[in-house]
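K.L.:
I would like to see how this sequence folds:
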Amino acid sequence: MTPSLTTSSSTGCLATHPLANNGLFAPICENLHLRYGVDVNHQLLEQDPGLALFEILQKYNLRLVIIVDELDQLYQAEPGNFPRLHDVLANLTRLGDQKSGRAFTVMCGSSAHLPSLIRAEKNPASLAAFPMLDGAPDLNGDKFKTKGISSSLPTDLEIVC
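P.N.:
Numbering: from 1, shown residues only. Below is the predicted model of the structure:
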């Protein structure tokens, strides 16, 4: 059986979401342990949660697919209320940097500003609309390619190919 872990979030329930206070990697490792019995190196998990996750993926020959929908909403959160959200962005950067082939990440959003958010392009107007952009890492628009898909003709396959 292939492990499947799903979680969802929107800015409305962000305060109670596990990622708001724990980063991205530790909750995934803990869920893999609780749901599927994988061994977690807890000392490594505390020191370097990303390395702990990649160790689990390698050891159990697992693949990880992360789909982040409405990423632009994360940038709209108030930074003081969610101190670990910049860690989530840094974790996404690390996923883009990894070369193991064991993790695949898709980030989606409904804002036309998403490519600029991914590249952490800051100006006074964007900082006012997206407070988490202040101090956010550059997710690297080269690693996370941006595609604009028109919503007027969702059946137009030429746009997405």
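
K.L.:
can you pull out the helices in this structure?
P.N.:
Assigned by DSSP state H, the chain shows helices spanning 19-22, 25-36, 42-47, 49-59, 71-75, 85-97, 114-118, 124-129, 157-160.

K.L.:
now, of those helices, which is deepest in the fold?
P.N.:
Ranked by mean neighbour count, the helices of the chain are led by helix 71-75 with a mean of 23 (mean count of other C-beta atoms under 10 Å). Any C-beta I mention is one placed from the backbone N, CA and C, and that applies to glycine too.

K.L.:
So which elements touch it?
P.N.:
Packed against helix 71-75 by the contact rule (3 or more C-beta pairs under 8 Å, 6 or more residues apart in numbering; DSSP states H and E) you find helix 85-97, helix 114-118.

K.L.:
Would you tell me which of those helices gets closest to Q58?
P.N.:
helix 85-97 (14.8 Å; C-beta to C-beta).

K.L.:
now what about that closest one, what contacts it?
P.N.:
19-20, 23-25, 49-50, 66, 68, 74, 77, 79, 103, 105, 107, 132, 135-140, 143-144 (C-beta atoms under 8 Å, 6 or more residues apart in numbering).
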